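S.K.: Here's my sequence, what's the structure:
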Amino acid sequence: ALVSKVQDQQYSWCFRDPVDTNEVKDYLDVVGDPIDLKTMEKRIRRGDWYKTKHMLFSDMMKMVNNCKLYNGEGNTYYDCAVSLEKYLASISPMFTE
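M.R.: This is a model prediction of the structure:
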């Protein structure tokens, strides 16, 4: 349900699929543990990855932080990450811990 709620947000477009490392060649040099909504969805369907809600929330925040780290301030991707971070904080107190 959480992943679907996030996917419904207009600024989530850049988080829906894994970063294409054929196009963004240095991504894995900067981001050591990539995550995206599609990967989270697969893990949820598999049923054995997320033992607690906190683990899912942790991946959501990792996704936001990866985006901010790679892109830096002042571009659309960073702005989407900030918007997503605010949305997550508004729907769950876990995101403000």
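S.K.: any idea how far the closest residue to residue 2 other than its chain neighbours lies from residue 73?
M.R.: With C-beta to C-beta, 6 or more residues apart in numbering as the criterion, residue 2 has its nearest non-adjacent residue at 6.3 Å, and that residue is residue 56. In this view, the C-beta of every residue, glycine as well, is placed from N, C-alpha and C. Residue 56 sits 27 Å away from residue 73, going by C-beta to C-beta, to the nearest Å.
S.K.: Neighbour count: the two, which is higher?
M.R.: For the pair residue 56 and residue 73, the greater number of neighbours falls to residue 56 (18 against 8), based on other C-beta atoms under 10 Å.
S.K.: Am I right that that one is in contact with residue 62?
M.R.: No: with contact defined as C-beta atoms under 8 Å, residue 56 does not reach residue 62; the gap is 10.6 Å.
S.K.: Which residue ranges of the chain form helices?
M.R.: Ranges of helices in the chain, per DSSP state H, are 2-7, 27-30, 37-46, 53-71, 76-91.
S.K.: where among these is the average confidence lowest?
M.R.: Among the helices of the chain, helix 2-7 carries the lowest mean pLDDT, a mean of 91.
S.K.: just checking, what packs against that helix?
M.R.: Helix 2-7 is packed against helix 37-46, helix 53-71, helix 76-91, with contacts defined by 3 or more C-beta pairs under 8 Å, 6 or more residues apart in numbering; DSSP states H and E.
S.K.: CSV for the ones you listed, including distance to residue 19?
M.R.: Below are those laid out as CSV (distance: least, C-beta to C-beta, whole Å):
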stretch, distance to residue 19
helix 37-46, 11
helix 53-71, 8
helix 76-91, 10
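S.K.: Please report how far the most centrally placed residue in the chain lies from residue 4.
M.R.: Nearest to the mean C-alpha position of the chain, by C-alpha atoms, centre = their mean, lies residue 63 at 2.9 Å. Look at residue 63 and residue 4: by C-beta to C-beta, they are 15 Å apart.
S.K.: what about stretch 84-97, distance to the chain center?
M.R.: Centroid separation for stretch 84-97 versus its chain: 12 Å, with C-alpha atoms, centre = their mean, to the nearest Å.
S.K.: could you dump it to CSV, C-alpha only?
M.R.: Listed next in CSV are the C-alpha coordinates belonging to stretch 84-97 (Å, rounded to 0.1, in the frame of the first residue of the first chain):
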residue,chain,number,x,y,z
LEU,A,84,8.9,12.7,-1.6
GLU,A,85,10.7,13.2,1.7
LYS,A,86,8.1,15.8,2.8
TYR,A,87,5.3,13.4,1.7
LEU,A,88,6.7,10.5,3.6
ALA,A,89,7.0,12.6,6.7
SER,A,90,3.3,13.7,6.3
ILE,A,91,2.0,10.1,6.2
SER,A,92,4.2,8.5,8.8
PRO,A,93,6.0,9.6,11.9
MET,A,94,8.7,7.0,11.2
PHE,A,95,10.0,9.2,8.4
THR,A,96,10.8,12.1,10.8
GLU,A,97,12.8,10.0,13.3
